[in-house]
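K.L.:
return atomic coordinates for the entry below.
(one chain, ligands or ions: 1)
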Amino acid sequence: MVESATRSALTAEIVERRSVVAFDGRPIEADKLQALIQAARWAPSASNRQSWRVTLVRDGESRAALNAALSEGNQGWAPNAPLLVVFAVAAPDPERPGQLPKLMLDVGFAGQNMMLEAVHQGLRVHPMAGWNEEKVKAALDVPEENAVAFLLAVGYAGDVNDLPKDVRPKETRERVRNAVGENFFDGVFGEPWRG
Ligand SMILES: Cc1cc2nc3c(=O)[nH]c(=O)nc-3n(C[C@H](O)[C@H](O)[C@H](O)COP(=O)(O)O)c2cc1C
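P.N.:
Sure thing, here's the model as predicted:
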């Protein structure tokens, strides 16, 4: 069962953020880039370890190589975004081999902060898991021990009609979520939230 995005008393940025695909090439102003960085920088992290390693890629050789590292589906739209942000994670401590999933949480919080700030700044965003890790690392010279967590496309709105036909529905698709009781429980695991 699904329901549409709730439009009630939520923060505007949470309601407005959606994963869109129509970007134009207009560059993002320096003060806005600074705001995106600061938003991510002030994310919480366990023991304040700030394990995120974030590369903002606008143009040049590394950008061309990064575009080519995207999955085929994402190559249909993401190269139009003036900014791709690569969220990676610092190398886990070799003495704590199970640490990686927890480091990934830190970087996820930083990414969410950046997305909401981008929306606040009048930008649109789209996170991506569709890319080739080896190629992403090669494109940016990411040290082998680091792990790439996700990529984020950021930019201003473009014309959806400039996109390949099969990509266009992604721009206008309805945002849906499971019914609250499927994921949110009351007191014990699995007991649907009663409100
Ligand atoms: C970690 C992560 C990876 C994602 N990877 C892709 C991707 O590779 N390509 C894509 O088109 N969308 C990708 N998405 C977008 C999701 O499909 C989208 O967030 C989801 O359908 C909910 O829609 P909304 O973001 O508009 O609320 C990804 C989202 C997240 C959080």
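K.L.:
pLDDT wise, what is whichever residue of the chain sits closest to the ligand at?
P.N.:
For the chain and the ligand, the shortest gap (C-beta to the nearest ligand atom) falls at G130, measuring 3.0 Å. Just so you know, the C-beta spots here come from the backbone N, C-alpha and C atoms, and that holds for glycine as well. Looking at G130, its pLDDT stands at 98.
K.L.:
i'd like the first residue to be 56 from this point on
P.N.:
Done: numbering now begins at 56, and the last item shifts to G185.
K.L.:
just give me the neighbour total for it.
P.N.:
Close neighbours of G185, defined as other C-beta atoms under 10 Å, add up to 13.
K.L.:
ok now do it, which residues does it touch?
P.N.:
Contacts of G185 were listed using C-beta atoms under 8 Å, 6 or more residues apart in numbering, and they are 125-126, 128-129.
K.L.:
for the most centrally placed residue in the chain, helix, strand, or coil?
P.N.:
The C-alpha lying nearest the average C-alpha coordinate of the chain belongs to P182 (C-alpha atoms, centre = their mean; 3.0 Å). The three-state label given to P182 by DSSP: H, G, I helix; E, B strand; the rest coil is strand.
K.L.:
quick one on the thing from earlier: quick check: phi and psi on the residue of the chain closest to the ligand?
P.N.:
Dihedral pair for G185: phi -90, psi 90, per degrees, to the nearest 10.
K.L.:
what residues does this structure put near the ligand?
P.N.:
Residues of the chain lying close to the ligand by C-beta under 6 Å from any ligand atom are 73-74, 129, 182-185, 205, 230.
K.L.:
quick one: the strands in this structure?
P.N.:
Assigned by DSSP state E, the strands in the chain fall at 57-59, 107-112, 138-144, 179-183, 202-210, 231-233.
K.L.:
determine which of the ones you listed approaches D221 most closely.
P.N.:
Relative to D221, the nearest member of the strands of the chain by C-beta to C-beta is strand 179-183, separated by 16.2 Å.
K.L.:
which of the residues of the chain next to the ligand are buried, as a PyMOL select command?
P.N.:
Typed into PyMOL, the line below selects the buried ones among the residues of the chain next to the ligand, using 16 or more other C-beta atoms under 10 Å:
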select buried, resi 129+182+183+205
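K.L.:
can I get the residues of the chain next to the ligand in JSON lines including distance to G80?
P.N.:
Formatted as JSON lines, the residues of the chain next to the ligand follow (distance: C-beta to C-beta, whole Å):
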{"residue": "R73", "distance to G80": "21"}
{"residue": "S74", "distance to G80": "19"}
{"residue": "N129", "distance to G80": "17"}
{"residue": "P182", "distance to G80": "20"}
{"residue": "M183", "distance to G80": "18"}
{"residue": "A184", "distance to G80": "24"}
{"residue": "G185", "distance to G80": "21"}
{"residue": "F205", "distance to G80": "22"}
{"residue": "R230", "distance to G80": "26"}
